[in-house]
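> Show me the folded form of this:
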Amino acid sequence: MSADNVLRMDFGDVHLKVREPDPDLSGRSQAVIDALGRRIVMPTGKWHLFISEREWSVATKFHSCSRADTDAEDVNAALRQLDGQRLVAVARRGGGSDWVLEFDLGGVLRIGAPTPPASDEDIAQ
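The predicted structure follows:
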């Protein structure tokens, strides 16, 4: 999972995704050589869920966070608590625009409609 206002979750059987180093890095910058010259191994699930334009919040036994949170430590703590839990239920709420995902160890992910941008009238007040 990641928490940079975009939430990514993997579901299903886990497997390793391996990106091998690029053998031809001649003429590239040091930053590109550093990024592409090493092997990257990542555990990943069979299915992926990306939440980018909607509001979301996570609640677990000991932590909670939302898309609006700015403290990365708090967000990461809540997401680590959700990590490894099994998805057990999915339900639509609010006339179909909101979703609630429930996990086996008590974690809950709520996904809501995006917050509309502020209008010029709202900003002037």
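> Which residue ranges of the protein form strands?
Using DSSP state E, the strands of the chain run over residues 7-11, 15-19, 40-44, 47-51, 55-59, 64-66, 87-93, 98-103, 108-112.
> Let me know the angle separating the fourth one from strand 98-103.
Spelled out, that is strand 47-51. Per axes from the mean of the first three to the mean of the last three Cα atoms, to 10 degrees, the angle that strand 47-51 makes with strand 98-103 is 140 degrees.
> low-confidence ranges in the chain?
Low-confidence segments of the chain, defined by pLDDT under 70: 1-4, 115-125.
> biggest helix in the protein by residues?
What stands out as the longest helix in the chain, according to DSSP state H, is helix 72-82.
> still on that earlier bit, so which of the strands of the chain gets nearest Q81?
Proximity to Q81 (Cβ to Cβ) singles out strand 55-59 among the strands of the chain, at 8.1 Å. All C-beta spots, glycine's among them, are computed from the backbone N, C-alpha and C.
> Contacts for the closest one next, please.
With contact meaning Cβ atoms under 8 Å, 6 or more residues apart in numbering, strand 55-59 is reached by 7, 64-68, 78-79, 82, 107-115.
> Now do the buried residues in it.
By neighbour count, and taking 16 or more other Cβ atoms under 10 Å as the criterion, the buried residues in strand 55-59 are 56-59.
> on that earlier part again, got the buried residues for the longest helix of the chain?
75-76, 78-79, 81-82.
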